[in-house]
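Chemist: Sequence and computational prediction follow.
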Amino acid sequence: MEPFVLFLHIVAASVWVGGQIVVGGIAPRMRPLGDGPTKALANGFKTVAWPALGLSVLTGMGLILMNVLGSDAHPLFEVKMLFVLLSAAGALVHQTAKGNKARLAAGGAVGLLFGLAAMYAGVLLAG
């Protein structure tokens with residue numbers, strides 16, 4: 001069961017972080033088409049990304065219960081969870097920017113950078 005949960009965790013985290021990279025590369029090139037297509041892309045991503053983040057958190061908790069229950073958790077795990085929370089917070093700021101370009105840019109950058117940091121922390125934890 002553990003390898004399958006780990007697989008789901010990695011896929012979900014890849015959708016969350018990889019999707020931000022892909023949308024970040026596509027959305028600026030769509031701006032000449034107007035707001036409609038860009039918003040459609042963002043809304044489509046949002047419907048996939050947030051559930052993926054939720055699945056990543058749930059599977060991460062499952063992995064911790066399978067591996068760490070009854071022993072001391074690695075300190076890096078707490079750092080990873082902070083990175084996940086900051087990634088979600090940045091994405092939420094980005095999503096609610098309502099035309100404020102500074103909030104849009106800052107939220108997107110924070111969401112992606114901390115998402116990447118959480119993935120890297122996960123690699124260090126697994127190694």
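Modeler: That came through, no problem.
Chemist: got a list of what the residue nearest the centre of the chain touches?
Modeler: Here the mean C-alpha position of the chain is nearest to the C-alpha of W16 (CA atoms, centre = their mean), at a distance of 3.8 Å. Applying CB atoms under 8 Å, 6 or more residues apart in numbering, we find W16 in contact with 49, 52-53, 56, 87, 115. Yep, even glycine has a C-beta here, placed from its N, CA and C like the rest.
Chemist: helices or strands next to the longest helix that the chain contains in the packing?
Modeler: Counting residues, the longest helix in the chain under DSSP state H turns out to be helix 35-67. When contacts are defined as 3 or more CB pairs under 8 Å, 6 or more residues apart in numbering; DSSP states H and E, helix 35-67 sits against helix 2-30, helix 75-95.
Chemist: Quick one: mean pLDDT over that helix.
Modeler: For helix 35-67, mean pLDDT rounds to 93.
Chemist: go on, stretch 12-21?
Modeler: Here stretch 12-21 scores 97 as its mean pLDDT.
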